[in-house]
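>>> After the sequence you'll find the predicted model.
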Amino acid sequence: MIDIKEWDWETPEKKIVLSDWTEKFRWVEEPSVSPDGEKIAAIVKLDEGEFNVCVNGQTWENPFEKIWYLRFSPDGRLTAIVSEMGEWTLAVDGIPWEEKFAYIWNTLFSPDGKNIAVAVQNDMQYCMALNGIPWEETYANMTHFALGPDGTKTAASVQVEKTSEGEIHKFQEGTFTAALDGKAWDTRFVNVWNMAISPDGTKLAAEVRLNLYDYTIAVNGEAWKNTFGCVWEPVFNPQNNAVVAPVRVAGKWSLAEDGNIIWDRAFFQLWHQMFSPDGKRLVAIVAPKFGEWTIAVDGKPWRRTFDEFVTDVVFSPDGNRIAALAKEKGKWKITVNGSVWTNTFDMTWKPVFSPDGKNVAAKVDRNGKYTIIMNDRLWRQECDELWDPVFSPDGQKVLVRTIEDGTYCRRIIPTAELTG
Amino acid sequence: MGEPAEINEIKDKGLEIGAERLTEDKIEKTINSVLKGETGARLKAYVDTCIHCGLCSEACHYYLSRDNDPHFSPVGKVKQTIWEMLKKKGKVSPEFIKKASEIASTECNLCRRCAMYCPFGIDIAYMMLIVRRICHMLGVTPLYIQDTAHSHSVTMNQMWVKGDEWPDTLQWQEEEAQAEIPTLRIPLEKEGADVMYSVIGPEPKFQAQLIYQAAVIMNVAGIDWTMPASSGWDNSDMAMYTGDNEIMGRVKRAHFETAARLKVKKIVMGECGHAFRSVYDVGNRWLGWRIPPVEVVHAIEFYHDILKEGRIKISKKFETPVTLHDPCNIVRGRGLHEMSRYVTREMCEELIEMHPNREHNYCCCAGGGVINCGPPYKNKRIMSNRVKAEQLFAAKAKGAKVLIAPCHNCHSGLEDINHHYGLGLEIKFLMDILYEVMDKPE
Amino acid sequence: MHDLYIFITGPLAWAAFILFIGGSLYRLLAMLILVNRKERFIFSYMSLRYGLRSILHWITPFATVNMRRHPVLTVVTFLFHICLIVTPIFLLSHVILWDESWNLSWWSLPDGLADFMTIIVIAGAIFFLIRRIVSPEVQFVTSASDYIILAIVAAPFVTGFLAYHQWFAYEFFMVLHILTGEMMLVAIPFTRLSHMIYSPFTRAYMGSEFGGVRHAKDW
């Protein structure tokens, strides 16, 4: 488990000089920073066809022919997709998985970071691999990968009947289905898209298309009785394991649970529905009218709408507050419970709540420089690079990870200093 | 009036098998449900306002190229399709649907030139799209483009490019380009870059050199850019042209949400016209976005900006005289014609205009999904654009040797015309020339 | 005959004007309601500036490419429509009728000019009829209704012309003139003559899309 209590919340500042990396290596790619801020890493080029990962100035023991997609797992392990002798695998803290593949991509982490999955291609056949172990079954094509909430189950949309290009009528009879841990459903669909695995791992729900125009949700291979003009990705209700998905009826979107409409209001658009941490409230990004975007809480849209975009919705830990990013007249804004901060930005990142839900902070970009904003108040420092702020467990401090003038800086800043 | 022979010879399994499976009852229900459920005041006003004056005819390259055969005038196509469906309240035969699908899908490029010739501004392209929508709901769509729509539905790209093939291709192109510029990168999945560069499916599949060239331009211009390694990289959209609006929406959503995930400030897209239309004007609307949620910049505008800002220097101008084709979707669709002239003049010694030009340019006859309907219609497509060949001949007579076509569909369609009519022009993208004449690090 | 005259200039005229004005308003309102119900997005793209820019280009003779391509048709179309609208409104005998009934009066055309303008409308109608028959692209999309609406428009002018000159059967043509005039008024909102009502909107919408979204001309 990630225990953020164990992190160093005392040392005000730790610095790692990065400028000499560029002298040491032929190039240094964009860096990644560990969740606790103790490590900064980047893919570096040593020579023609020779790459390595540099972590806090030290390279991994062995270089690779090619390295990409460098990402820290939530538990702080550093992963990258690496190739050796023309074969690909995932390296974790420099140690490649034993299994090698013709190609891998799309690394997925479980929330606790313990489990890591990738999409795999071997001999033009496709499957998922979890912690280095590929599925026993392989398929002619595979899309829309999923890793369950506890990280022990993987799923994807898979093609079970081979079609040649141009076989449109065979395709329309259904050649796709979903596979959970490699086991494909018996049912065939024209298309299978985004899917969700239930918290207990017993159910897999996916968007499906039954013919050219009937859409619905299938759960463990069984389609809902009702069909719709279109559907978007399903989620599981954490309280009762029911499946909730946006559905389109007569040109308008609403939410359905297990096939039945649960919101009495319909929208021009509705997606990214999510449950509050306690599972009691259900919100979604909606467009009540064409070109007007906002958030609906249990079916009721906020009165404040935005003309361009609403994204990155997040609940406070107690579920009482909701923050999101909104774009209006070309400028990015942060909205909390429907009221809008006065500062506007060229880009904003997903807001972060303090554990008590009282403070909201986010990484923002203004004129190409990054800083932190908390409760609509800007931090004085402008940085060349910056990662999402992290609150200490008691909410009194904030971990701020920045790059300033070629030096990586891990700072612990009192929350009060940011709120003013 | 007799129909040209080649039309009757066309066999398309998408239409044949689709029509065989229809019943009159299903046709009637489907037509009425689309007309009632999905159309409104626009269609009604267009049908009630049209006074059958025929003034749209001369706007259409099909009509002009086919010796003014009224079957190919814009309003003539409306008469043969949607008017009939409205008049008969949907009681039409499978044979009629087959014919209507062929007309709407292969005899109209949705280029919207006729909208500029109609005194009332009636949008005939919109009506042809309604016909395609009805035919989609009936499962009667030309085979090749239907297959492409299926590719979009599975992979979110146009060419059945699989999940691994995409990043693999980018990495391969990166390596190739490093032979020329050793420090060159194609940064994959770089969150917070300024620009996401997106392309159409055929680029990784058949024209990987275009990705190579783009990478060189991005690197030399010093753009902070990225490309996604996930699906959502393809901006093209044939589902828009088959009337499969739901798949169109799904593909556009994937594209925009990929850009939003990467936290880029804008999407720069390659030289494609229909993709621009789908991202800028059509797909976004179906999803409820009045304007694209992430700014979309077409290649022409991008080249214009980097040349104007001096990010790219021209080492030696292109000497061969060029002529410039104005693609419908970025000229009538976005007014980029002056920018494309600026870019051309910056790069080339001599620009010889073809006539008509700018908003009034003749269509390539490939766009609107027509070239995507495949080989069965190739001959018809070429025969139906004699007027383009004449227009190009005139430009050639004035000295043009290179034809710039800043759109993929135009490029391919004009290549066919070039070949068939023996024009002897060399066809290039703006990017081909930019890559050739720009200052590159030694 | 007198009773008939009283009827067609009284209740029937009332009915015609009510149907014309009421019908036009109804069609307009129905269209806006339908837009609001099913295509609300249209409102969000409507632009006064670009809508007017487009309308202005298309009501100015020879301001568009297509008008320049068809000079004869352009001249005929403009003259036809101007005379069609101006003549009945400013005809002296019509103004007198308004004055007698409502005590309203305004400037009127000299009779000779009005007569000439009537001839233009009739000639224009004949021109359109011939064009419809001899131009293949027009003939192909012509249905019976096109001839009927052309006849509906021409009829009041032909009958009015004959009645004015009183060459023969004056009363008959007078009655026929009033009847066909009323018929035309009623036909405007309920036939494709409704392009009179809709065209500013279709034009403005296309102008808004071309100008505001696509940054291009639509003429």
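Looks like it came in fine.
>>> List, one by one, the residues from the stretch 301-442 of chain B near chain C.
Where proximity means C-beta under 8 Å from any C-beta of the partner chain, the interface of the stretch 301-442 of chain B facing chain C comprises B:331-335, B:359-360. For every residue, glycine as well, the C-beta is placed using N, CA and C.
>>> List the residues that contact A:Y69.
By C-beta atoms under 8 Å, 6 or more residues apart in numbering or on different chains, A:Y69 lies in contact with A:79-81, A:105, A:107, B:188-189, B:229.
>>> again, 6 Å this time
By C-beta atoms under 6 Å, 6 or more residues apart in numbering or on different chains, A:Y69 lies in contact with A:81, A:107.
>>> before we move on, what about the one 3 residues further on?
A:F72 makes contact with A:32, A:34, A:78 under the criterion C-beta under 6 Å, 6+ apart.
>>> and the helix ranked longest in chain C, anywhere near chain A?
With secondary structure taken from DSSP state H, chain C has its longest helix at helix C:11-38. No - on the criterion C-beta under 6 Å from any C-beta of the partner chain, helix C:11-38 is out of touch with chain A, staying 8.1 Å away.
>>> returning to what we had before: between the residues of the stretch 301-442 of chain B next to chain C, which is closest to B:E301?
B:R334 (8.2 Å; C-beta to C-beta).
>>> what's the helix or strand for the closest one?
Element membership of B:R334 [criterion: DSSP states H and E] is none; it lies in no helix or strand.
>>> Tell me, how many residues neighbour it?
As a burial measure, B:R334 scores 24 neighbours (other C-beta atoms under 10 Å in any protein chain shown).
>>> now do B:E319
Number of residues near B:E319 (other C-beta under 10 Å) recorded here: 12.
>>> Next: A:L90.
Under the criterion other C-beta under 10 Å, the count of neighbours that A:L90 has is 22.
>>> Sort out which residues of the host helix or strand of B:L86 are buried, please.
Under the assignment given by DSSP H and E, the secondary-structure element containing B:L86 is helix B:84-87. Residues B:84-85 are the ones in helix B:84-87 that count as buried (16 or more other C-beta atoms under 10 Å in any protein chain shown).
>>> What residue in the stretch 51-200 of chain A comes nearest to chain C?
Using C-beta to the nearest C-beta, the single residue of the stretch 51-200 of chain A nearest to chain C is A:W193, 25.9 Å away.
>>> Leaving out chain neighbours, which residue sits closest to residue 148?
Here I'm looking at chain A. When the adjacent residues along the chain are set aside, A:G148 lies closest to A:I197, with 3.6 Å between them (C-beta to C-beta, 6 or more residues apart in numbering or on different chains).
>>> ah, I was thinking of chain C
Here the nearest residue to C:I148 in space, its sequence neighbours aside, is C:T191; by C-beta to C-beta, 6+ apart that works out to 7.8 Å.
>>> check which helix or strand covers the residue nearest to the spatial centre of chain C.
A centroid search over chain C (C-alpha atoms, centre = their mean) returns C:M196, at 5.8 Å, as the residue closest to the centre. C:M196 is located in helix C:195-208, with elements delineated by DSSP H and E.
>>> Can you dump the C-alpha atoms of stretch B:149-161 in CSV for me?
In CSV, the C-alpha atoms belonging to stretch B:149-161 read as follows (Å, rounded to 0.1, in the frame of the first residue of the first chain):
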residue,chain,number,x,y,z
ALA,B,149,-16.7,3.2,-41.4
HIS,B,150,-16.3,-0.2,-39.8
SER,B,151,-12.6,0.4,-39.4
HIS,B,152,-13.4,3.7,-37.6
SER,B,153,-15.9,1.9,-35.3
VAL,B,154,-13.3,-0.7,-34.2
THR,B,155,-10.0,1.1,-34.2
MET,B,156,-11.1,4.8,-34.2
ASN,B,157,-9.0,5.1,-37.3
GLN,B,158,-9.7,4.8,-41.0
MET,B,159,-7.3,2.1,-42.1
TRP,B,160,-7.7,-0.8,-39.6
VAL,B,161,-4.4,0.3,-38.1
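>>> follow-up on the earlier one: any idea of the mean pLDDT for the longest helix of chain C?
Mean pLDDT, computed over helix C:11-38, is 96.
>>> any idea how far B:H61 is from A:V352?
With the distance defined as C-beta to C-beta, to the nearest Å, A:V352 ends up 56 Å from B:H61.
>>> what bits of chain B have low per-residue confidence?
In the prediction, chain B carries residues with pLDDT under 70 at positions B:1-9.
>>> Which residue does it have closest to chain A?
Here chain B gets closest to chain A at one residue, B:R290, 3.2 Å apart by C-beta to the nearest C-beta.
>>> Dihedrals phi and psi, that residue?
Reported as degrees, to the nearest 10, the phi and psi values for B:R290 are phi -60, psi -40.
>>> list the contacts for it?
Contacts were defined as C-beta under 6 Å, 6+ apart; by that measure B:R290 touches A:291, C:44.
>>> The same query, at a cut-off of 8 Å, please.
A:290-291, A:307-308, B:284, C:41, C:44-45.
>>> Contact partners for the residue of chain C found nearest chain A?
The nearest approach of chain C to chain A comes at C:F41, 4.3 Å away (C-beta to the nearest C-beta). For C:F41, the set of contacting residues under the criterion of C-beta under 8 Å, 6+ apart consists of A:290-291, B:285, B:290.
>>> same deal with A:E87?
Taking C-beta under 8 Å, 6+ apart as the definition of contact, the neighbours of A:E87 are A:100-102.
>>> Just the buried ones from these, in PyMOL syntax?
The PyMOL selection below is limited to those of the contacts of A:E87 classed as buried (16+ other C-beta under 10 Å):
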select buried, chain A and resi 100+101
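>>> Can you point out the buried residues in the next helix or strand after the helix holding B:L86?
Secondary structure here is assigned by DSSP H and E; on that basis, the next helix or strand after helix B:84-87 toward the C-terminus is helix B:94-106. Using 16+ other C-beta under 10 Å as the burial criterion, the residues of helix B:94-106 that qualify are B:94, B:96-106.
>>> Can you say which helix or strand has A:T22 in it?
Assigned by DSSP H and E, A:T22 falls within helix A:19-24.
>>> Is stretch A:308-325 in proximity to chain B?
Yes - contact between stretch A:308-325 and chain B, assessed by C-beta under 8 Å from any C-beta, occurs at A:308-309, A:311.
>>> how about the residue lying closest to B:N245 once chain neighbours are set aside, secondary structure?
Leaving out its chain neighbours, the residue that sits closest to B:N245 by C-beta to C-beta, 6+ apart is B:W286, at 5.5 Å. Classification of B:W286 into helix, strand or coil gives helix, according to DSSP: H, G, I helix; E, B strand; the rest coil.
>>> I'd assumed B:M248 was in contact with B:W286.
Yes - in this structure, B:W286 sits in contact with B:M248. The criterion is C-beta atoms under 8 Å, and the distance is 6.2 Å.
>>> Looking at chain A, what residue ends up closest to chain C?
The shortest separation between chain A and chain C is 4.3 Å, found at A:F290 (distances taken as C-beta to the nearest C-beta).
>>> and B:G310, how many neighbours does it have?
8.
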